[in-house]
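Engineer: no FASTA, just this:
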């Protein structure tokens, strides 16, 4: 059943929900495994909203690393308030962590932007089970900030390109620990808890009231993932960026930060660039290449922003143990949703 989201315009008559009936049938038939919700906005109007689990519209979705992108929004707000700069060195803000293990003067120069772009020099790679910075090792200890600060500087054997040889001048590796360190940093510079800073500056201005944070063992909200929101509230965050940071006539996030966030800052994988905790990806549909930027979490949880189509798509899942869960969600987008929007 379609619901009205107050800040959106009236229900769209240009794209009918009936055109997405094939999506409903396919998901119910299990063709995309365990999809829990799909929500679509087109031209600022909610055109599709369907829940495939018992949680329904009020369910708080654990979309895992989708929350990382929200951390980037909070950092942008802190920068707008002159609490930080993108080039602010991170570790000098944590004198209590010194002396650092694996001390190296290059670690003192790691900036906020390095963590936002997953391109710091820390030896941290969640895609490599042997990496000393792999997130699973972090979860075993109490002090996650010390875990990140004590990581050694990564090496670049001759078969791996150094930062200066990499696209955009950054060598990328997926590092949850670095994004997790941004939470305590936000608390230090703002004098507020992460959850209060987020509520006052981001969630309340766009009408997000129902939120569930996960917390580090030492008490700071986890900014590396696990933030739980309703699917329609995830849609609001995507729509906020599609609107260049404006909501209901008010500039909530600076337009310049939105622009910088979704520009290529590093090359993540073949055919995929990375902004400030946003994934930048092109999709080929019906002979047309469509650019997107998106939030992404384990299990194929996705928030896709499609500026050329003036659309936002939220797909939530519990496909955490499913092989190729991300391509499965992308197939749902390209085969059953985007053709309706084009």
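Structural biologist: Received the coordinates, thanks. Everything quoted here is computed from the prediction, not taken from an experiment.
Engineer: ok, longest strand in this structure?
Structural biologist: strand 288-297 (DSSP state E).
Engineer: Please identify the helix or strand for residue 155.
Structural biologist: Counting by DSSP states H and E, no helix or strand carries residue 155.
Engineer: Give me the distance between it and residue 225.
Structural biologist: Applying CB to CB, to the nearest Å, the value for residue 155 to residue 225 is 27 Å. To be clear about C-beta, it is placed using only N, CA and C from the backbone, and glycine gets the same treatment.
Engineer: if you count what's nearby, which of those two comes out ahead?
Structural biologist: Neighbours were counted for residue 155 and for residue 225 using other CB atoms under 10 Å; residue 225 has more, 23 against 9.
Engineer: Give the full set of residues in contact with the more buried one.
Structural biologist: Listed by CB atoms under 8 Å, 6 or more residues apart in numbering, the contact set of residue 225 reads 64-68, 176, 179, 214, 297-298.
Engineer: if you look at the residues you listed, which of them are in strands?
Structural biologist: Among the contacts of residue 225, DSSP E puts residue 297 in strands.
Engineer: Just the buried ones among the contacts of residue 225, please.
Structural biologist: Among the contacts of residue 225, those buried by neighbour count (16 or more other CB atoms under 10 Å) are 64-68, 176, 179, 297-298.
Engineer: Which one of these is nearest to residue 113?
Structural biologist: residue 179 (12.5 Å; CB to CB).
Engineer: okay, now the nearest residue to that closest one once chain neighbours are set aside: neighbour count?
Structural biologist: Using CB to CB, 6 or more residues apart in numbering and skipping the chain neighbours, the partner closest in space to residue 179 is residue 224 (4.5 Å). Residues near residue 224, counting by other CB under 10 Å, number 26.
Engineer: residue contacts, residue 224?
Structural biologist: 65, 67-68, 71, 135, 176-177, 179-180, 183.
Engineer: And for residue 154?
Structural biologist: The neighbours of residue 154, taking CB under 8 Å, 6+ apart as the test, are 121-124, 173.
Engineer: domain parsing for this protein?
Structural biologist: For the chain, automatic domain parsing gives the domain ranges 17-59+229-341, 65-225.
Engineer: now the ones you listed as TSV including mean pLDDT?
Structural biologist: Formatted as TSV, the domains of the chain follow (pLDDT from 0 to 100):
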stretch	mean pLDDT
domain 17-59+229-341	97
domain 65-225	98
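Engineer: residue contacts, the residue positioned nearest the centre of the chain?
Structural biologist: Centroid-nearest residue in the chain, with CA atoms, centre = their mean: residue 69, separated by 2.7 Å. Listed by CB under 8 Å, 6+ apart, the contact set of residue 69 reads 237, 277-278, 295, 303.
Engineer: at 7 Å what do you get?
Structural biologist: Counting by CB atoms under 7 Å, 6 or more residues apart in numbering, residue 69 touches 277-278, 295.
Engineer: doesn't residue 267 fall inside a helix?
Structural biologist: No: looking at residue 267 with DSSP: H, G, I helix; E, B strand; the rest coil, it is strand, so not inside a helix.
Engineer: which residue sits closest to residue 173 in space, ignoring its chain neighbours?
Structural biologist: Leaving aside its chain neighbours, residue 173 sits nearest to residue 125 (4.2 Å; criterion: CB to CB, 6+ apart).
Engineer: got the phi/psi numbers for residue 47?
Structural biologist: phi -110, psi -20 (degrees, to the nearest 10).
Engineer: Would you mind confirming that it makes contact with residue 40?
Structural biologist: Yes: counting by CB atoms under 7 Å, residue 47 does reach residue 40; the two are 5.4 Å apart.
Engineer: The two: who's more crowded?
Structural biologist: Higher neighbour count among residue 47 and residue 40: residue 40, with 27 against 24, using other CB under 10 Å.
Engineer: excluding its backbone neighbours, what's nearest that one?
Structural biologist: Nearest residue to residue 40 in three dimensions, chain neighbours excluded: residue 48, at 4.1 Å (CB to CB, 6+ apart).
Engineer: Test my guess that that neighbour contacts residue 21.
Structural biologist: No: with contacts counted by CB under 7 Å, residue 48 stays clear of residue 21, the gap being 9.8 Å.
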